[in-house]
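J.: Return a 3D structure for these sequence lines:
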Amino acid sequence: MTKQYVLRNTGPTTLRPSKLDYRKELNEAQYQAASTVEGPLLIIAGAGTGKTRTLVYRVAHLIDIGVDPRSILLLTFTRRAAEEMLRRASVLIDNRCSQVAGGTFHSFANLVLREFGRRINLSPSFTIMDRPDSEDAIQVLRTEMGLNNKDKRFPRKQTVAEIFSMALNKQTTVPNLIEQDYPHLYESLDDLLRLYERYVEYKTTKTLVDYDDLLTKLKDLLATHEEARRRLSQRYQFIMVDEYQDTNHLQARIVRLLAAEHDNVAVVGDDAQSIYSFRGANFRNIMDFPEAFPGTQIIKLEENYRSTQPILNLTNEIIQRAHEGYDKRLHTEKREGETPILVQAESEQMQSRFVCQKILELREEGVPLWDIAVLFRSSFHSFDLELELARHNIPFIKRGGFQFMETTHIKDLLAHLRILANPQDAISWNRVLLLLEGVGAQASQKITRWILQGNQAVERLRSFEAKGKIAHGLKTLAQVLQVAAEAQRPAEQAEYLMQYYLPILKRNHPDDHPKRFKDLEHFVGITERYRSLERLLSDMALEPPNDSVAGVLAVDPDEGPLVLSTIHSAKGLEWHSVFIIWALEGRFPSFYNINSEEELEEERRLLYVAATRAKENLFITYPIRIFDRGLRMVLSRPSQFIEGISEDLLEQMTLVDEESNWGWES
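T.: You can find the predicted model right below:
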């Protein structure tokens with residue numbers, strides 16, 4: 001017989017007042033942040049200072065003193081973050097916390113627009129388009145408008161969707177955004193504006209809204225309809241916003257409008273960790289909050305529960321050099337610890353060797369691989385290190401960005417090099433030929449068969465009968481391969497082939513070819529460590545060692561791999577030992593990416609975020625004598641963000657080779 005469980009209809013549960021001792025559970029600053037009820041509140045939560053814990057206790061405290069949980073609005077950047085905070089608050093007191101309105105800006109906007117949308121001529125039955133839906137709609141419209149003509153080189157649907165989205169989130173115009181962030185697409189501006197008008201019309205007639213519409217329409221509703229604004233503001237008497245430094249202009253405006261009937265807004269964030277301007281986040285929001293909400297009380301969380309004091313002394317110094325920010329000094333009860341180390345390496349290869357050797361030493365000391373991270377500014381900065389890790393059989397996972405070897409443009413350049421090493425490589429011939437104008441899949445296969453029927457591959461390529469663009473492309477390719485084959489070193493071959501490939505890159509990737517070209521330059525730099533093309537290509541073919549590892553490590557399957565990560569992907573995480581590589585002036589900050597004081601300051605904050613991930617050990621490394629082809633100069637100084645810092649805070653170390661010739665080159 002099936003058992004039954006009876007659910008009682010008892011109505012609301014009467015609960016006794018909580019006996020939670022907030023003063024005992026929180027430090028003084030956390031307690032002040034959690035217990036301050038009325039008025040605007042800005043909680044500046046330094047890295048590792050218990051931000052989430054403070055928010056959880058604040059929710060619990062409001063409900064504990066009798067605030068209706070339905071009048072509390074908690075806005076976060078992920079649904080999971082809101083759910084986790086409310087779950088933890090429920091554990092502290094009771095299940096009344098589940099009645100708090102918690103979620104993302106977009107989910108909140110969806111609910112409000114379903115209720116009040118008719119006031120702005122939006123049917124409550126609207127359908128939400130996700131990003132792929134938006135891109136597909138843009139593709140349909142650009143085809144209808146004749147903008148998919150290859151001769152026009154119109155931006156891809158993904159790029160167009162990104163431009164439209166970023167303009168709305170930054171509350172700027174498409175022309176301004178193109179001028180600032182996409183100058184190479186300026187010739188397409190008029191067509192982009194026409195396409196934008198069609199896109200807006202398309203959504204309106206079909207009762208569709210995309211993710212960005214949810215926010216813009218919520219803002220429009222609050223700004224233009226007093227009755228709706230008043231009702232919502234009275235409904236949500238206590239508003240909390242997590243990660244306020246990551247909000248964009250539109251989200252900050254929504255918060256201000258929601259608090260029209262009161263100023264009970266508590267925002268939590270860290271100006272020193274504002275690093276997402278490329279997504280539309282606005283550093284000014286957290287800096288200007290006291291102006292938007294006069295009478296703001298500012299509470300700073302400065303007691304750090306993550307790092308040792310020597311690490312905090314360095315991170316305090318890094319961020320103190322910022323031109324603007326809230327003054328705070330992180331401190332901890334963990335007074336003892338190793339001084340962070342600045343490691344100067346003669347070359348990128350030596351930098352990689354140091355990181356690998358030190359990781360092995362840390363592991364021997366009992367630090368598991370999963371509690372060690374190597375962080376970097378850009379995804380391609382770890383490529384040489386990945387090769388070195390493979391040599392040492394050190395398993396790793398990589399977070400953030402594409403795997404360098406998986407990018408189309410790197411594969412294209414490698415295919416040309418593989419042909420030089422093995423003219424009978426049919427796969428590489430096929431890839432290279434498909435890059436030529438007018439050559440499709442059938443033609444490529446036909447030409448490849450012709451080439452491989454004889455011994456002199458380049459000569460047979462030159463003698464293939466073709467007309468027009470195809471004939472010109474084949475002869476040019478044959479000449480390029482012949483000259484490249486005569487070069488003495490792989491770096492010379494790669495440099496020459498890159499110059500040939502550049503026009504192809506611009507044609508095939510019109511939206512982002514400047515970024516891809518930087519990847520190619522970095523790849524050419526990697527080739528300089530090799531004297532043998534065969535050795536280079538064999539290293540490039542190494543598979544990432546994700547399987548169980550034998551030999552030097554004998555890794556426990558439960559230990560987990562080392563973490564490689566871009567700094568953007570590492571925010572919010574922590575590790576026992578952290579390596580920050582490529583802290584080289586010209587690369588971090590990158591001379592290519594710094595066009596304003598605001599961008600330079602965000603780069604400084606990015607280094608601060610990276611350094612504050614470390615709990616026990618912090619190593620910052622940079623190679624010297626790196627020749628940058630774009631700048632036509634040698635990069636040799638440490639990042640300006642750490643240059644000149646006292647050795648008491650950042651101990652300097654120089655690498656010395658055990659042997660005069662280590663023997664990696666062949």
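
J.: per-residue confidence for the residue lying closest to Arg230 once chain neighbours are set aside?
T.: Leaving aside its chain neighbours, Arg230 sits nearest to Glu261 (6.1 Å; criterion: C-beta to C-beta, 6 or more residues apart in numbering). Using the backbone N, CA and C atoms, a C-beta is placed for each residue, glycine as well. Listed pLDDT for Glu261 reads 92.

J.: Where does Glu261 sit: helix, strand or coil?
T.: Secondary structure, DSSP: H, G, I helix; E, B strand; the rest coil: Glu261 is coil.

J.: Report the separation between it and Arg229.
T.: Taking C-beta to C-beta, to the nearest Å as the measure, Glu261 falls 8 Å from Arg229.

J.: Check Asp212 too.
T.: 21 Å.

J.: Comparing these two, which residue is more hemmed in?
T.: More neighbours surround Asp212 than the other of Asp212 and Arg229, with 21 against 18 (other C-beta atoms under 10 Å).

J.: ok, for the more buried one, nearest residue in space, not its chain neighbours?
T.: Leu168 (4.4 Å).

J.: Packing partners of the host helix or strand of that neighbour?
T.: Assessed by DSSP states H and E, Leu168 sits inside helix 157-169. Contacts defined by 3 or more C-beta pairs under 8 Å, 6 or more residues apart in numbering; DSSP states H and E place helix 157-169 against helix 131-144, helix 174-181, helix 189-205, helix 211-224, helix 249-258.

J.: Mind putting those into JSON lines with distance to Leu86 and mean pLDDT?
T.: Shown next, in JSON lines, are the helices and strands packed on helix 157-169 (distance: least, C-beta to C-beta, whole Å; pLDDT from 0 to 100):
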{"stretch": "helix 131-144", "distance to Leu86": "27", "mean pLDDT": "81"}
{"stretch": "helix 174-181", "distance to Leu86": "37", "mean pLDDT": "87"}
{"stretch": "helix 189-205", "distance to Leu86": "33", "mean pLDDT": "89"}
{"stretch": "helix 211-224", "distance to Leu86": "22", "mean pLDDT": "93"}
{"stretch": "helix 249-258", "distance to Leu86": "19", "mean pLDDT": "95"}
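
J.: Tabulate the ones you listed (a markdown table), appending distance to Thr476.
T.: A markdown table is the format used below for the helices and strands packed on helix 157-169 (distance: least, C-beta to C-beta, whole Å):
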| stretch | distance to Thr476 |
| --- | --- |
| helix 131-144 | 32 |
| helix 174-181 | 33 |
| helix 189-205 | 31 |
| helix 211-224 | 44 |
| helix 249-258 | 49 |
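
J.: where are the low-confidence patches of the stretch 1-150 of the chain?
T.: 1-18, 150 (pLDDT under 70).

J.: max-length strand in this protein?
T.: Ranked by number of residues, the top strand in the chain under DSSP state E is strand 614-623.

J.: send the alpha carbons of that one over as PDB?
T.: Provided in PDB are the C-alpha atoms of strand 614-623 (Å, rounded to 0.1, in the frame of the first residue of the first chain):
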ATOM      1  CA  ALA A 614      45.200  34.800  -3.400                       C
ATOM      2  CA  LYS A 615      44.900  33.400   0.200                       C
ATOM      3  CA  GLU A 616      48.500  32.400   1.000                       C
ATOM      4  CA  ASN A 617      50.900  32.900  -1.900                       C
ATOM      5  CA  LEU A 618      51.000  35.500  -4.700                       C
ATOM      6  CA  PHE A 619      53.500  35.500  -7.500                       C
ATOM      7  CA  ILE A 620      53.500  38.200 -10.200                       C
ATOM      8  CA  THR A 621      55.700  37.500 -13.200                       C
ATOM      9  CA  TYR A 622      56.700  39.400 -16.400                       C
ATOM     10  CA  PRO A 623      59.100  38.600 -19.200                       C
END
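
J.: Enumerate every residue touching the residue nearest to Asp212.
T.: Asp212, Leu215, Thr216, Leu250 (C-beta atoms under 8 Å, 6 or more residues apart in numbering).

J.: Strands of the stretch 351-500 of the chain, start to end?
T.: For the stretch 351-500 of the chain, the strands defined by DSSP state E, counting those that start in this stretch cover 372-376, 396-399.

J.: which of those strands sits most buried?
T.: When the strands of the stretch 351-500 of the chain are scored by mean count of other C-beta atoms under 10 Å, the highest mean neighbour count falls to strand 372-376 (a mean of 26).

J.: and for it, what are the contacting residues?
T.: 355, 359, 362-363, 382, 385, 562-567, 570, 573, 575-582, 610, 613.

J.: now with 6 Å?
T.: Contact with strand 372-376 is made by 359, 382, 562-565, 567, 570, 575, 577-582, 610, as judged by C-beta atoms under 6 Å, 6 or more residues apart in numbering.

J.: Would you list the strands that that strand pairs with, along with their directions?
T.: Using DSSP bridges, the strands paired with strand 372-376 are strand 562-566 (parallel), strand 575-580 (parallel).

J.: weakest of those by average pLDDT?
T.: Of all the strands paired with strand 372-376, the minimum mean pLDDT falls on strand 562-566 (a mean of 92).

J.: now the helix or strand following it, how far from the chain's geometric center?
T.: Per DSSP H and E, strand 562-566 leads on to helix 567-570 as the next helix or strand towards the C-terminus. Centroid separation between helix 567-570 and its chain, computed with C-alpha atoms, centre = their mean, to the nearest Å, is 6 Å.

J.: Helix 567-570 packs against which elements?
T.: helix 597-611 (3 or more C-beta pairs under 6 Å, 6 or more residues apart in numbering; DSSP states H and E).

J.: let's see 7 Å
T.: For helix 567-570, the packing partners by 3 or more C-beta pairs under 7 Å, 6 or more residues apart in numbering; DSSP states H and E come out as strand 372-376, helix 597-611.

J.: hmm, who's touching it?
T.: Helix 567-570 is contacted by residues Ile275, Ala373, Leu375, Arg377, Arg399, Gly400, Leu606, Val609, Ala610, Arg613 when judged by C-beta atoms under 7 Å, 6 or more residues apart in numbering.

J.: quick one: the residue nearest the centre of the chain and Arg306, what's the gap?
T.: Nearest to the geometric centre of the chain sits His568, at 4.0 Å (C-alpha atoms, centre = their mean). Computed as C-beta to C-beta, the His568 to Arg306 distance reads 19 Å.

J.: Check the residue lying closest to Gln309 once chain neighbours are set aside and give its pLDDT.
T.: The spatially closest residue to Gln309, leaving aside those adjacent along the chain, is Arg335, at 4.9 Å (C-beta to C-beta, 6+ apart). pLDDT recorded at Arg335 is 94.

J.: ok, Arg335 - how many residues close by?
T.: As a burial measure, Arg335 scores 9 neighbours (other C-beta under 10 Å).

J.: export the contacts of Leu168 to CSV and tack on distance to Thr104?
T.: As requested, these are arranged in CSV below (distance: C-beta to C-beta, whole Å):
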residue, distance to Thr104
Asp212, 13
Leu215, 10
Thr216, 15
Leu250, 13
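
J.: just to revisit the earlier point, what's the mean pLDDT across the helix holding Leu168?
T.: 89.

J.: now the angle from that helix to helix 211-224?
T.: 20 degrees (axes from the mean of the first three to the mean of the last three C-alpha atoms, to 10 degrees).

J.: Would you mind measuring from Asp181 to Thr159?
T.: In terms of C-beta to C-beta, Asp181 sits 11 Å off from Thr159.

J.: more crowded one of those two?
T.: For Asp181 and Thr159, the more surrounded residue by other C-beta under 10 Å is Thr159, and the numbers stand at 19 against 16.

J.: correct me, but that one touches His513?
T.: No - Thr159 lies out of contact with His513 (C-beta atoms under 7 Å); the separation is 11.6 Å.

J.: Pass me the low-pLDDT residue ranges in the stretch 501-650 of the chain, would you?
T.: Scanning the stretch 501-650 of the chain residue by residue, the ranges that satisfy pLDDT under 70 are 538-559, 629-631.
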